[in-house]
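1. Below is the sequence, then the predicted model.
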Amino acid sequence: AQKVTQTQTSISVMEKTTVTMDCVYETQDSSYFLFWYKQTASGEIVFLIRQDSYKKENATVGHYSLNFQKPKSSIGLIITATQIEDSAVYFCAMREGWGYQNFYFGKGTSLTVIP
Amino acid sequence: EAAVTQSPRNKVAVTGGKVTLSCNQTNNHNNMYWYRQDTGHGLRLIHYSYGAGSTEKGDIPDGYKASRPSQENFSLILELATPSQTSVYFCASGRRISNERLFFGHGTKLSVL
């Protein structure tokens, strides 16, 4: 069973608008960590932002923020004031518990920002 | 910033041949991982390691072996390459602490003909 699911295969938005990418996860652990990564056109995978399950506040880094809805097992990525260079594939990932070593990745959402 | 270097960047292999993909990290991370990326599947874990001398099977280990001779180096070995192993392979490293992120290499594009 897929532990991390991204249902949006691709999204197109106009430049300078706000976009939300969805991600839902499955876990039995009381403590877990959620990550978003960006894969650029060159193939490079870079870390964007993290949410710790025990924190109620939504994480924010630059123009990236998260919408963490724990009862729904959902972690949405919000990009405000999108730029052309935000066009990329975005991956959601989860790591369970303390000391568990594996990351589970979603299949990714391709974002195209239209000028 | 942690550095993860993969070699080669591109590789063409013949069916039945042996392929070795190499990964080196310079940030003294305990954990290292090999993923493959295919359209429609995202990143799938092949093997991972907790440290020198250890290798563990991931979700899709069949047809692959791994070797971690040192803290810095982690190799993925295809003893008998098949066309179904044509893919982009990513190496990643990270600390043991669960809330720590992964650092990825730039990927190796492997074509098995």
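-> Looks like it arrived, so ask away. Numbering: from 1, shown residues only, chains lettered A, B, ... in the order given.
2. Now stretch B:70-81: buried residues?
-> Applying a neighbour-count criterion of 16 or more other C-beta atoms under 10 Å in any protein chain shown, one finds B:71, B:72, B:74, B:75, B:76, B:78, B:81 buried in stretch B:70-81. All C-beta spots, glycine's among them, are computed from the backbone N, C-alpha and C.
3. Helix or strand for residue 33, just tell me which one.
-> Because you didn't say which chain, this covers chain A. Taking DSSP states H and E as the criterion, the element that holds residue A:33 is strand A:32-39.
4. actually it's chain B I care about, not the one you picked
-> Secondary structure from DSSP H and E places residue B:33 in strand B:31-38.
5. List the neighbours of that strand that are in contact with it.
-> Defining contact as C-beta atoms under 8 Å, 6 or more residues apart in numbering or on different chains, one finds that strand B:31-38 is touched by A:101, A:103, A:105, B:21, B:23, B:25, B:43-51, B:58, B:60, B:64, B:66, B:68, B:74, B:76, B:87-96, B:102, B:107.
6. doesn't residue B:25 make contact with residue B:95?
-> No: judged on C-beta atoms under 8 Å, residue B:95 makes no contact with residue B:25 at a distance of 11.1 Å.
7. Name the residue in those two with the higher neighbour count.
-> A side-by-side neighbour count of residue B:95 and residue B:25, using other C-beta atoms under 10 Å in any protein chain shown, places residue B:25 first with 23 against 16.
8. Give the bridge partners for that one, please.
-> Per DSSP bridges, residues listed as beta-bridge partners of residue B:25: residue B:4.
9. Could you do residue B:36 as well?
-> Bridge pairing for residue B:36 (DSSP bridges) gives the partners residue B:44, residue B:89.
10. Check residue B:31 too.
-> The bridge-partner assignment for residue B:31, based on DSSP bridges, gives residue B:94.
11. lowest-pLDDT helix or strand in chain A?
-> Each helix and strand of chain A was given a mean pLDDT (mean pLDDT, DSSP states H and E); the minimum falls on strand A:103-105 at a mean of 91.
12. Which elements pack onto whichever helix or strand comes after that one?
-> Moving toward the C-terminus from strand A:103-105, the first helix or strand encountered (DSSP H and E) is strand A:109-114. Other helices and strands packing on strand A:109-114, by 3 or more C-beta pairs under 8 Å, 6 or more residues apart in numbering or on different chains; DSSP states H and E, are strand A:10-14, strand A:19-21, strand A:88-96.
13. List the buried residues for the shortest one?
-> Along strand A:19-21, the positions that meet the burial threshold by neighbour count (16+ other C-beta under 10 Å) are A:19, A:21.
14. cool, and the longest one?
-> When burial is assessed from 16+ other C-beta under 10 Å, strand A:88-96 yields the following buried residues: A:88, A:89, A:90, A:91, A:92, A:93, A:94, A:95, A:96.
15. Redo these as a markdown table? Include distance to residue A:41 and pLDDT.
-> Shown next, in a markdown table, are the buried residues of strand A:88-96 (distance: C-beta to C-beta, whole Å; pLDDT from 0 to 100):
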| residue | distance to residue A:41 | pLDDT |
| --- | --- | --- |
| A:88 | 7 | 97 |
| A:89 | 9 | 96 |
| A:90 | 13 | 98 |
| A:91 | 15 | 97 |
| A:92 | 19 | 97 |
| A:93 | 20 | 96 |
| A:94 | 25 | 94 |
| A:95 | 27 | 91 |
| A:96 | 31 | 85 |
